[in-house]
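# Pasted the sequence and its predicted model underneath.
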Amino acid sequence: MKQEEIFKRLKDIREKNDLKQKDMALILAVSRPNYTRWETKEKIIPLIHLNDFCNYFKINMDYVIGLSNKPITINKKIILDKKSIGKNIKNFRITNKITQEELASKLGTTHSVISAYENGHTLILTAFLINLCTTYNLSADNLCNRKKD
């Protein structure tokens, strides 16, 4: 899926469920202009709100961000844990013999940012998550522990 099409699914899913942008903004506890910026890709939806969106519609994150063309129902509410997400990133990196510097270079950041993600000090940014998943053919659902029941 092309980068500019990734967040088109936010709108498609919302409209399929007969919701207006103001409804989604209320559901996600954000302003309507903020939500609108996510649908128009003026801004990238923060991972915490993307997770809430997926929880609300009981749908897999990979589908929403365009890593998969198949929606999968996930009935349990997922709470993101930055430490376990960081551990998953670190395990992937070590298993594939990639240094923090190499991963940082691929993602266009610094090794200290990668370290902060891996140590659970910072929740990975949605843009970095998408970049990581598309670069290495990974599942955002798996990295974020959003697995099917």
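Great, that's in hand. Numbering: from 1, shown residues only.
# ok, and what's touching the helix or strand harbouring Ser84?
In the assignment (DSSP states H and E), Ser84 maps to helix 82-95. For helix 82-95, contacts defined as C-beta atoms under 8 Å, 6 or more residues apart in numbering pick out 99-100, 103, 114, 117-124, 132, 136, 138, 142-145. Every residue, glycine included, has its C-beta placed from N, CA and C.
# Which of these fall within helices?
Per DSSP state H, helices hold the following members of the contacts of helix 82-95: 100, 103, 114, 117-118, 132, 136, 142-143.
# so where do the strands sit in the protein?
For the chain, strands defined by DSSP state E do not occur.
# Now do Phe7, the pLDDT please.
For Phe7, the model assigns a pLDDT of 76.
# Tell me who's in contact with it.
38-39, 41, 44-45, 65.
# Can I get the helix holding Ser84 in CSV, CA atoms only?
The C-alpha coordinates for helix 82-95 follow below in CSV (Å, rounded to 0.1, in the frame of the first residue of the first chain):
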residue,chain,number,x,y,z
LYS,A,82,5.8,0.3,26.0
LYS,A,83,8.1,-2.1,27.9
SER,A,84,6.8,-5.2,26.1
ILE,A,85,6.8,-3.4,22.8
GLY,A,86,10.3,-2.3,23.4
LYS,A,87,11.3,-5.9,24.3
ASN,A,88,9.7,-7.1,21.0
ILE,A,89,11.7,-4.5,19.0
LYS,A,90,14.9,-5.5,20.8
ASN,A,91,14.3,-9.2,20.2
PHE,A,92,13.6,-8.6,16.5
ARG,A,93,16.8,-6.6,16.2
ILE,A,94,19.0,-9.1,18.1
THR,A,95,17.6,-12.1,16.3
